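Trainee: What shape does this take:
(chains A and B)
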Amino acid sequence: MTDYRTDLSRVRGLGSAKSGTEHFWMQRVTSLAVLILFPFLFYSVIYLAGKPLADVQEYFSSPLIATLAILLIALLAHHMRLGMQVIIEDYVHTNSRKLTLLMLNIFFSTFVGAAGVISIIKLSLGA
Amino acid sequence: MANVELRSKRPLSPHLTVFRRYVNMVMSILHRVTGAANYFAILLPVAWLVAAASGGDIFAFVNGLFATPLGLLVLFGASWSVIHHALGGIRHFIWDAGRGFSIPTVIKLSWATIILSLVLTVALWVFVMIVHGGL
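Mentor: Reported below is the predicted structural model:
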């Protein structure tokens, strides 16, 4: 069977979508990172539930807590973006609808990540 | 790939109507459904964070909303959805490692996912209630 791939595409080994296994790999990496941070998430939820604002600010004033929280929300934002991308690609086949939804997914995920990170920074630096 | 509307309406091969509902199939569907639900449910903690960063009145409002019976119900459901999706993810990691593909193991892992998700969700809420002396 004749292989019609160019030499460059063959040596890059990235396939027709040009990104190769990047999506699969990043989904795995973000999943594992979030799983590792899960105990921190549970601890934070149990500690922060129903607490007054002063306690919340004090909790996030710790640089370590702020770092873990920022990493968690940023990783979650990326993980959910990749996941929803797969769902959209699986079920939406009208080009105009698919491209719109893919863009909305990027916008929404980025907004969630940015809102979370900026809020944590603000809480951490104090009022 | 041609726009779907231009193609003739050919029949699809049956799926939901012909396969018996095995637990692993239901867990797989739930993994996607909980993933999609989490996608939107993350707005709950993000709204809480933005409210906390915004100040006293807004924060009190959001906390108040979360404390209502409906709010607590939604939070309970969202926490179950997150935990179930995470456990399903662990199941996928086991498969990624090349293990657990035999049918009995798949069935066991699937049952473990749903049972453990309920147990962990209830445990989380019990912990929260202990730390805060009730709801």
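
Trainee: Can you list the low-confidence ranges for chain A?
Mentor: Judged by pLDDT under 70, chain A has its weakly predicted residues at A:1, A:127.

Trainee: For the residue most central in space within it, which non-adjacent residue is spatially closest?
Mentor: The residue lying closest to the centre of chain A (C-alpha atoms, centre = their mean) is A:His78, at 1.5 Å. Distance criterion C-beta to C-beta, 6 or more residues apart in numbering or on different chains; nearest residue to A:His78, sequence neighbours excluded, is A:Thr30 at 5.3 Å. Heads up, the C-betas are built off the backbone N, CA and C, glycines and all.

Trainee: May I have the secondary structure class of the one you found?
Mentor: Classification of A:Thr30 by DSSP: H, G, I helix; E, B strand; the rest coil places it in helix.

Trainee: Could you tell me how far it is located from chain B?
Mentor: Computed with C-beta to the nearest C-beta, to the nearest Å, the distance linking A:Thr30 and chain B is 10 Å.

Trainee: pretty sure that residue is touching A:His79, no?
Mentor: Yes: between A:Thr30 and A:His79 a contact is recorded at 4.0 Å, counting by C-beta atoms under 8 Å.

Trainee: Neighbour count: these two, which is higher?
Mentor: With neighbours defined as other C-beta atoms under 10 Å in any protein chain shown, A:Thr30 and A:His79 compare such that A:His79 has more, 23 against 20.

Trainee: Determine which residue lies closest to the centroid of chain B.
Mentor: For chain B, by C-alpha atoms, centre = their mean, the most central residue is B:Ser81; offset 2.4 Å.

Trainee: so the residue nearest to the centre of chain A sits right up against A:Ser31, yeah?
Mentor: No: using C-beta under 8 Å, A:His78 is not in contact with A:Ser31, being 10.4 Å away.

Trainee: Would you report the backbone torsion angles of A:Asp3?
Mentor: Main-chain torsions, A:Asp3, degrees, to the nearest 10: phi -100, psi 120.

Trainee: For chain B, see how far away the nearest residue to it once chain neighbours are set aside is.
Mentor: Using C-beta to C-beta, 6+ apart and skipping the chain neighbours, the partner closest in space to A:Asp3 is A:Arg10 (7.5 Å). Distance of A:Arg10 to chain B, given as C-beta to the nearest C-beta: 23 Å.
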